[in-house]
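A.B. asks: give me a 3D structure for the following:
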Amino acid sequence: MQKGNNKNYLLISAIILITIGIVLFAMLSGPARYVGIIFLIFAIIFFASYNYLSFRNSNNDRLRSRTRDQMLKHQLRK
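C.D. replies: Next up is the predicted model:
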């Protein structure tokens, strides 16, 4: 249960960071606009890493559950 809550918080924070980056980009002008662009780039990288980690964790969970099921079947055969 704890892992699911952490994933939700990471997703919400990534969306907030992307929104702040867009707002900074829209509000600032001139060379200060680069601050918004840099913020937006880092927010997108954070969001992409969140998606990659959640995909990798879901694959590991599926693999672990399959392996556990196979071990249980093997023990029942003995």
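A.B. asks: for Val35, grab phi and psi.
C.D. replies: phi -60, psi -40 (degrees, to the nearest 10).
A.B. asks: pretty sure it sits against Gly21.
C.D. replies: No. The pair Val35 / Gly21 is not scored as a contact, 9.3 Å apart, by CB atoms under 8 Å. Every C-beta, even on glycine, is put in place using the N, C-alpha and C of the backbone.
A.B. asks: any regions of the protein where pLDDT drops low?
C.D. replies: 1-7, 53-78 (pLDDT under 70).
A.B. asks: how about the helices of it, start to end?
C.D. replies: 2-27, 33-77 (DSSP state H).
A.B. asks: who are the packing partners of the shortest one?
C.D. replies: Spelled out, that is helix 2-27. Taking 3 or more CB pairs under 8 Å, 6 or more residues apart in numbering; DSSP states H and E as contact, the helices and strands that helix 2-27 lies on are helix 33-77.
A.B. asks: which residues sit against stretch 29-40?
C.D. replies: Outside stretch 29-40, the residues that touch it by CB atoms under 8 Å, 6 or more residues apart in numbering are 17-18, 20-28.
A.B. asks: closest one of those residues to Phe47?
C.D. replies: Ile18 (6.3 Å; CB to CB).
A.B. asks: who's in contact with that closest one?
C.D. replies: Per CB under 8 Å, 6+ apart, neighbours of Ile18: 40, 43-44, 47.
A.B. asks: check Phe42 too.
C.D. replies: By CB under 8 Å, 6+ apart, the contact list for Phe42 reads 17, 21.
A.B. asks: could you do Leu24 as well?
C.D. replies: 35-36, 39-40.
A.B. asks: which of the residues you listed count as buried?
C.D. replies: For those, a burial check counting by 16 or more other CB atoms under 10 Å picks out 36, 39-40.
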